[in-house]
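K.L.:
Got a predicted model here, sequence first, then my questions.
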Amino acid sequence: MAISLGSPNRVVIRINSLHSDACQLGRGVKAAHCLHCCLIGIYIYIYIQQLIVEALENTEDGVKVNGLLVKAVRFPDDQAMVSSSNAGLQRIIDELNKISNDYGMKINIKKTQRL
């Protein structure tokens, strides 16, 4: 882990190739508070990425793109599961739900859409 102090009162935390968003240290804000918030964000990101890797590692469902099987598309604040069939997508979501429950997490179906 590396902590970089940038331009006036800005902090970025790097763990291997992962970088946190820059945190602004303002008047009265302790560096430890900013560091704590950044570390929690990175920890949650790594935790969720591991959950997704486990959920998708044993499935052959997805979409072939240039000969590669794409099972998920990741965005900074979102995740899209992809499949060429409704049944395949359902298998992916079922596995993701099972692994999420193993991690003590729950998929919010109100924020889940099928396109």
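P.N.:
Cool, got the structure.
K.L.:
so which strand or helix has Met105?
P.N.:
Using DSSP states H and E, Met105 maps to neither a helix nor a strand.
K.L.:
And Tyr47, how close does it get to Ser85?
P.N.:
In this view, Tyr47 and Ser85 are 30 Å apart by CB to CB, to the nearest Å. (Glycine included, C-beta is placed from N, CA and C.)
K.L.:
for Met81, phi and psi?
P.N.:
Dihedral pair for Met81: phi -90, psi 140, per degrees, to the nearest 10.
K.L.:
in what helix or strand does the nearest residue to Arg114 once chain neighbours are set aside lie?
P.N.:
Once flanking residues are discounted, Arg114 sits nearest to Leu89: 7.0 Å by CB to CB, 6 or more residues apart in numbering. If you go by DSSP H and E, Leu89 is part of helix 86-102.
K.L.:
and that helix, what does it pack onto?
P.N.:
Where contact means 3 or more CB pairs under 8 Å, 6 or more residues apart in numbering; DSSP states H and E, helix 86-102 is packed against helix 31-56, strand 78-81.
K.L.:
For the ones you listed, which has the smallest mean pLDDT value?
P.N.:
Here those differ in mean pLDDT, and the lowest is helix 31-56 at a mean of 72.
K.L.:
And the next helix or strand past that one?
P.N.:
Per DSSP H and E, the first helix or strand lying C-terminal to helix 31-56 is strand 63-65.
K.L.:
Neighbouring strands of that next one in the sheet, and parallel or not?
P.N.:
Strand 63-65 pairs in its sheet with strand 68-70 (antiparallel), by DSSP bridges.
K.L.:
average pLDDT for the partner strand?
P.N.:
On average, strand 68-70 scores 86.
K.L.:
Report the rounded mean pLDDT for stretch 104-115.
P.N.:
Averaged across stretch 104-115, pLDDT comes to 81.
K.L.:
Export only the CA atoms of it, formatted as PDB.
P.N.:
Below are the C-alpha coordinates for stretch 104-115, written out as PDB (Å, rounded to 0.1, in the frame of the first residue of the first chain):
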ATOM      1  CA  GLY A 104     -23.300 -12.100   3.900                       C
ATOM      2  CA  MET A 105     -24.500  -9.800   1.100                       C
ATOM      3  CA  LYS A 106     -27.800  -9.400  -0.600                       C
ATOM      4  CA  ILE A 107     -28.600  -8.300  -4.200                       C
ATOM      5  CA  ASN A 108     -31.000  -5.400  -4.200                       C
ATOM      6  CA  ILE A 109     -33.700  -6.500  -6.700                       C
ATOM      7  CA  LYS A 110     -35.100  -3.000  -6.700                       C
ATOM      8  CA  LYS A 111     -31.900  -1.800  -8.300                       C
ATOM      9  CA  THR A 112     -31.600  -4.800 -10.700                       C
ATOM     10  CA  GLN A 113     -32.700  -4.600 -14.300                       C
ATOM     11  CA  ARG A 114     -32.800  -7.000 -17.200                       C
ATOM     12  CA  LEU A 115     -32.200  -5.400 -20.600                       C
END
